[in-house]
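**Q** Task: produce atomic coordinates for the following.
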Amino acid sequence: MTVRQRKTIDALLLIIAWIVFECLFYPCVAAETGKSDILYVKNDSWFPTTILHARGIPGTQKILAVLSGHHCHQRGKLAIIDRTKGCQENSGVQLIAPVQETEAVRIDSYGQSGEQFQYPYPITETTFLVTYESYPAGNRRYISPYAIYFMDIPGRRELLVADRNISCNQPVPLVARKKPHIRPSLVDYRNKTGTYYVQDIYAGPGLAGVARGTVKRLRVVALEFRAAYIGNNTSRGPAGGAMSSTPVSIGNGTWDVKRVLGEAKVHEDGSAFFAVQARTPVYFQALDENGYVIQTMRSWSALQPGENFSCVGCHEPKNQAPLMNRTITMAVKAGAETLKAFYGQTRGFSFIKEIQPILDRHCINCHTGNNAEAFSLSGNQTTEEQPKRKWSDAYLARTNAYRDSRSKSYIGRSNDRVNWISAQSPTTMLRPYYAGAARSKLITMLEHGHEGVKLSREEIDKLACWIDLLVPYCGDYTEANAWMQKEMSKYKHFMKKLKRMEEIERKNIKELIAR
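**A** Numbers count the residues shown, from 1 in each chain. Predicted coordinates for the structure are as follows:
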């Protein structure tokens, strides 16, 4: 470090040493987050595209943050977010430095032109330290190093630290402050589960218009994430376009392998209380008496061992207090229940293993694809080069898939017979029974009998579950692959690495418990 750099840093410390700083808990801001217990804003909206570097503003419940994009670097526009004014789109979001109109736009690489900000640190309600560049070069490009400024909401600023050769960033005031209250941890690694509690599932807009007593059970679905990128396909729809790597379905289908962990009872008063395997990403689906989805949670949550998490209802505002005019709920009186299994041991839901056997028993005698008017429901597979998968005739037919010339892959089309929620469905909250098995003519037709075919309840339930899980094909990322040997070796390498890290973690937890 040069003498000049040392002097500038000393000057910065002198400037901020006199500041009386009240340290607040810094909320974790998540855009389209998958962990509902840290959700702060923006679960059903486009804007802001991404929220970065958020910190609490002293003496308030507001945060100071950088609004940025998806396919861009860690920088963007400076804004204050106030949840009391709303949690969706631009409600509660105000661009500052200077204060300006905050328009809810739909831009992937948002905020990458004009002045650029990074790492704001609130000092008072109106002043802050921030990393700043006034002459940007555009997305992912840089002309000169960033510098640290003392700034206020209107944008008045004073340079504190700069260097001609390297960027200066992430300023932190060095001043004595009162230690904030720290919530005691509920984590107990001797447990293997956590619990979820819903006070009244009918509270909140998620089930608006749905009569009490309609929701009978909650389905709990676990997600498994890919270990490596091999092949890809494309999804398109109201939410835009996106690429899925190592795909487990055709385009517009699910992005992840899904395992149905089981179902929990929803009591007559709308309450539910159940245990779930800890350290597992899960989401929930509200089911009616037929086992068909009424509403689906489109983010995910995970618990540490021994943790308890509760919701007021279905998509209620996250700053809403629990309902106070209720007695002890039926679910609490009954205690946390163990999930009821879905026809056997937990496994990745596979079209090949769950659905194709049903079609083989009941359908392929007629649906062979041997004439122009018939379609094939056989398990014969077609290898597709771009996603590197082997799709069956039946799967492509039931998802109404078409060959997309741009992405060189199959894209599914939700239709009246198999009607699922597309991966690129609208980002706003969907109404109850928006799509799914309950709106699929295939299910209705088979329930009433089709050409003398009568399916069992288990077979109907599996078909409905397949639709409501967004038509997965693979129950494992290696299933139905069309990989070369080097690609298979690549995936095995990363799976082995993943398992090795899990084993290290298990060992560390075991040692922690033994202390």
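**Q** got a list of what Val266 touches?
**A** Residues in contact with Val266, defined by CB atoms under 8 Å, 6 or more residues apart in numbering, are Val198, Ile201, Val215, Lys216, Arg217, Leu218, Ala272, Ala286. (Each C-beta comes from the backbone N, C-alpha and C, glycine too.)
**Q** how does it look with 10 Å?
**A** 198, 200-202, 213-218, 272, 286-287, 330-331 (CB atoms under 10 Å, 6 or more residues apart in numbering).
**Q** of these, buried ones?
**A** With burial judged by 16 or more other CB atoms under 10 Å, the buried subset of the contacts of Val266 is 198, 200-202, 214-218, 272, 286-287, 330-331.
**Q** Would you format these as CSV with pLDDT included?
**A** Shown next, in CSV, are the buried ones among the contacts of Val266 (pLDDT from 0 to 100):
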residue, pLDDT
Val198, 95
Asp200, 95
Ile201, 96
Tyr202, 96
Thr214, 97
Val215, 98
Lys216, 98
Arg217, 98
Leu218, 98
Ala272, 97
Ala286, 98
Leu287, 98
Met330, 95
Ala331, 96
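**Q** Counting only helices, which of these make the cut?
**A** Met330, Ala331 (DSSP state H).
**Q** quick one on the thing from earlier: tell me the one of the contacts of Val266 nearest Tyr410?
**A** Taking CB to CB as the measure, Tyr410 lies nearest Leu287 of these, at 29.5 Å.
**Q** which two in the buried ones among the contacts of Val266 are spaced the farthest apart?
**A** Using CB to CB for every pair in the buried ones among the contacts of Val266, the one that comes out farthest apart is Leu287 and Met330, at 17.7 Å.
**Q** count of residues packed around Glu125?
**A** Counted with other CB atoms under 10 Å, the neighbours of Glu125 add up to 14.
**Q** Whatever helix or strand Gly194 lives in: partners in the sheet, and parallel or antiparallel?
**A** Element membership of Gly194, judged by DSSP states H and E, is strand 193-198. Within its sheet, and counting by DSSP bridges, strand 193-198 is paired with strand 272-277 (antiparallel), strand 308-311 (parallel).
**Q** Now render the ones you listed as JSON lines, adding distance to Ser91.
**A** Shown next, in JSON lines, are those (distance: least, CB to CB, whole Å):
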{"stretch": "strand 272-277", "distance to Ser91": "30"}
{"stretch": "strand 308-311", "distance to Ser91": "22"}
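**Q** from those strands, which stretch is densest packed?
**A** Comparing the strands paired with strand 193-198 by mean neighbour count (mean count of other CB atoms under 10 Å), strand 272-277 ranks first with a mean of 23.
**Q** Is it correct that Ile57 is in contact with Ile96?
**A** No. Using CB atoms under 10 Å, Ile57 is not in contact with Ile96, being 11.2 Å away.
**Q** intersection of neighbour lists for the two?
**A** Leu64, Ile80, Pro120, Thr126, Phe128.
**Q** now those residues: which count as buried?
**A** Here, 16+ other CB under 10 Å leaves Leu64, Ile80, Pro120, Phe128 buried among those.
**Q** Report the secondary structure element holding the closest residue in space to Asn139 that isn't next to it in sequence.
**A** Distances taken as CB to CB, 6 or more residues apart in numbering put Gln112 closest to Asn139, at 4.0 Å, once the chain neighbours are dropped. Counting by DSSP H and E, there is no helix or strand that carries Gln112.
**Q** Phi and psi next, for the residue nearest to Gly270 when sequence neighbours are not counted.
**A** Nearest-residue entry for Gly270: Asp200, 3.9 Å, with adjacent residues in sequence omitted and distances by CB to CB, 6+ apart. In terms of degrees, to the nearest 10, the main-chain angles of Asp200 are phi -160, psi 100.
**Q** got the domain boundaries for this structure?
**A** 3-161, 193-468, 487-515 (automatic domain parsing).
**Q** could you dump the ones you listed to CSV with distance to Ala480?
**A** Below are the domains of the chain laid out as CSV (distance: least, CB to CB, whole Å):
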stretch, distance to Ala480
domain 3-161, 26
domain 193-468, 5
domain 487-515, 13
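**Q** and of the strands paired with strand 193-198, who's closest to Ala147?
**A** strand 308-311 (42.3 Å).
**Q** Now do the end-to-end distance for stretch 453-472.
**A** 24 Å (CA to CA, to the nearest Å).
**Q** For that stretch, buried residues please.
**A** So, applying 16+ other CB under 10 Å, buried residues of stretch 453-472: 455, 459-472.
**Q** Ok, stretch 480-494 next?
**A** For stretch 480-494, by 16+ other CB under 10 Å, it's Ala480, Asn481, Ala482, Trp483, Glu487, Lys490, Tyr491.
**Q** got the contact list for it?
**A** Counting by CB under 10 Å, 6+ apart, 226-231, 246, 248, 350-352, 381-385, 387-392, 395, 473-474, 477-478 sit against stretch 480-494.
**Q** Just the buried ones among these, please.
**A** Of the contacts of stretch 480-494, these count as buried by 16+ other CB under 10 Å: 226-228, 230-231, 246, 248, 350-352, 381, 384, 387-392, 395, 473-474, 477.
**Q** Longest helix of this protein, counting residues only.
**A** helix 485-514.
**Q** how far out from the middle of the chain is that helix?
**A** How far helix 485-514 lies from its chain's middle: 24 Å, per CA atoms, centre = their mean, to the nearest Å.
**Q** these two touch, right, Tyr110 and Leu67?
**A** Yes. Counting by CB under 10 Å, Tyr110 does reach Leu67; the two are 6.4 Å apart.
**Q** anything in contact with each of those two?
**A** Residues touching both Tyr110 and Leu67 by CB under 10 Å, 6+ apart: Phe47, Pro48, Thr49, Thr50, Gly76, Lys77.
**Q** Now do the strands in the stretch 151-300 of the chain.
**A** 157-161, 193-198, 217-224, 232-237, 240-245, 257-265, 272-277, 282-287, 293-296 (DSSP state E, counting those that start in this stretch).
**Q** still on that earlier bit, please identify which of the domains of the chain is closest to Lys178.
**A** Going by CB to CB, the one of those nearest Lys178 is domain 3-161, 6.8 Å.
**Q** what about the closest residue to Val220 other than its chain neighbours, how many neighbours?
**A** Leaving aside its sequence neighbours, Val220 sits nearest to Leu261 (CB to CB, 6+ apart; 4.5 Å). Neighbours of Leu261 under the rule other CB under 10 Å: 20.
**Q** now swap in Lys499 and tell me
**A** 11.
**Q** Tell me who's in contact with it.
**A** Ala227 are the contacts of Lys499 under CB under 10 Å, 6+ apart.
**Q** Okay, it and Tyr229: tell me how far apart.
**A** 18 Å (CB to CB, to the nearest Å).
**Q** likewise Lys390?
**A** 19 Å.
**Q** ok, now Gly291?
**A** 35 Å.
**Q** so what pLDDT did His450 get?
**A** Per-residue confidence at His450 stands at 81 (pLDDT).
**Q** do Val20 as well
**A** Taking Val20 on its own, its pLDDT is 25.
**Q** any low-confidence regions in the stretch 251-400 of the chain?
**A** For the stretch 251-400 of the chain, applying pLDDT under 70 flags the ranges 325-326, 369-373.
**Q** all helices of it, in order?
**A** Remark: helices assigned in the stretch 251-400 of the chain by DSSP state H, counting those that start in this stretch are 330-334, 356-362, 393-398.
**Q** Buried only: go through the shared contacts of Tyr110 and Leu67 for me.
**A** Applying 16+ other CB under 10 Å to those flags Phe47, Pro48, Thr49, Thr50, Gly76, Lys77 as buried.
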